[in-house]
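Visitor: Structure here, sequence nowhere to be found:
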């Protein structure tokens, strides 16, 4: 395969991923509980997946959004009692964010809500296909993450 063919193949892959992202985001928005946005669910999911306390600026970098956008998301989560924003003991000017028990519960509620849309998708994919695709997708995510 020559370079142009390889570029077209990669372009096709990213086009498919972009379309999948758009379609899945649209479906997810429709099933999330009232008052929880995709951005908020993503932050809660991030905390459950990786744990710990995170500075708002570190979260903004992780999600590749502005500090202002992350601050807005975090303020909304805090107002709902889903995260707690605390002073950073190492730097009195800084803040740290952590998920609360209510935030973990809301994340689980959101995950359960996705079941209705996932059932349709799962019906069209075999588990062996999913297992085969995951290593490549994880490798792609890691490559993109290290080059951002």
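Guide: Okay, I see it. The shown structure was predicted, so the numbers you read here are calculated from the model rather than taken from an experiment. Numbers count the residues shown, from 1 in each chain.

Visitor: Stretch 25-37: which residues count as buried?
Guide: 28, 32, 36 (16 or more other C-beta atoms under 10 Å). Where C-beta positions appear, they are placed from N, C-alpha and C, glycine not excepted.

Visitor: which among these gets closest to residue 145?
Guide: residue 28 (21.5 Å; C-beta to C-beta).

Visitor: buried set for the strand or helix carrying the closest one?
Guide: Residue 28 belongs to helix 3-31 when assigned by DSSP states H and E. Across helix 3-31, burial judged by 16+ other C-beta under 10 Å covers residue 28.

Visitor: what packs against it?
Guide: On a contact count with 3 or more C-beta pairs under 8 Å, 6 or more residues apart in numbering; DSSP states H and E, helix 3-31 meets helix 38-50, helix 115-124.

Visitor: Residue 23 versus residue 122, what's the distance?
Guide: Taking C-beta to C-beta, to the nearest Å as the measure, residue 122 falls 15 Å from residue 23.

Visitor: I meant residue 16, not that one.
Guide: 11 Å.

Visitor: Kindly report the same for residue 46.
Guide: 22 Å.
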